[in-house]
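In: what shape does this take:
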Amino acid sequence: MDNKIKSPNGLQQLQQIQLNQMKKEKEMDNHRRKQEIEAPPNHRRKVEIGDTPMEYIVKISEGNPGCLTFLMELMSKSKHLSWVFGPMSYIQALDNMGVYGSKAYMLWNDCCNRDIEQVELVFHNYLRCELSDKEIHENLDRPRGSPFENLKSFKELELLERS
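Out: Residues are numbered from 1 along each chain as shown. Okay, the predicted model is just below:
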């Protein structure tokens, strides 16, 4: 490894990797700023630092039984977990999106056909800035949500992360 870094070619590769990381961080920062501007009016996050997982679930569900079922399924059946993305980060993402109660249920039931893997794909696209708050709310503000179009697959997201 040290030989690669000492060689001019290895140094160029390292510099290119660092440059790509800086570009990616800048793009994500710009996307986050854009999402803050596009956030739903009067959106105030409900989950607070120090809340227990049960408090997260109660706040996000707003007492909606369909949403409670969805959140329990999400907590128990999530497959695409990593050290970054786990069930609690998915629930936090719902809070960041401003999606609660019946809207969260619609996300699972209408947009993802009760498929937890599809829900995870929506979250991964959102958390990797491939899906905006605006796109999510446009879909959920209809009488019945419809599947999201142009979601990147887990494999595509993994390749993007590596580049």
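
In: outline the domain layout of the chain.
Out: Domain assignment for the chain by automatic domain parsing gives 1-38, 44-162.

In: which stretches of this structure form helices?
Out: Counting by DSSP state H, the chain has helices at residues 2-6, 8-38, 53-61, 65-77, 87-97, 101-106, 116-127, 133-140, 154-162.

In: turn these into CSV, columns for mean pLDDT and mean neighbour count.
Out: (Each C-beta comes from the backbone N, C-alpha and C, glycine too.) Formatted as CSV, the helices of the chain follow (pLDDT from 0 to 100; neighbours: other CB atoms under 10 Å):
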stretch, mean pLDDT, mean neighbour count
helix 2-6, 49, 9
helix 8-38, 66, 11
helix 53-61, 88, 17
helix 65-77, 91, 17
helix 87-97, 84, 19
helix 101-106, 95, 20
helix 116-127, 88, 20
helix 133-140, 89, 18
helix 154-162, 73, 12
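
In: with adjacent residues omitted, what lies nearest to residue 66?
Out: The shortest distance from residue 66 to any non-neighbouring residue, by CB to CB, 6 or more residues apart in numbering, is to residue 105 (3.9 Å).

In: correct me, but that neighbour touches residue 74?
Out: No - with contact defined as CB atoms under 8 Å, residue 105 and residue 74 do not form a contacting pair (11.6 Å).

In: count the residues that sit near residue 145.
Out: Neighbours of residue 145 under the rule other CB atoms under 10 Å: 20.

In: tell me the phi and psi of it?
Out: phi -70, psi 160 (degrees, to the nearest 10).

In: check contacts around it.
Out: Counting by CB atoms under 8 Å, 6 or more residues apart in numbering, residue 145 touches 106, 107, 109, 110, 111, 139.

In: what's the closest of the residues you listed to residue 91?
Out: The nearest member of those to residue 91, counting by CB to CB, is residue 107 at 12.1 Å.
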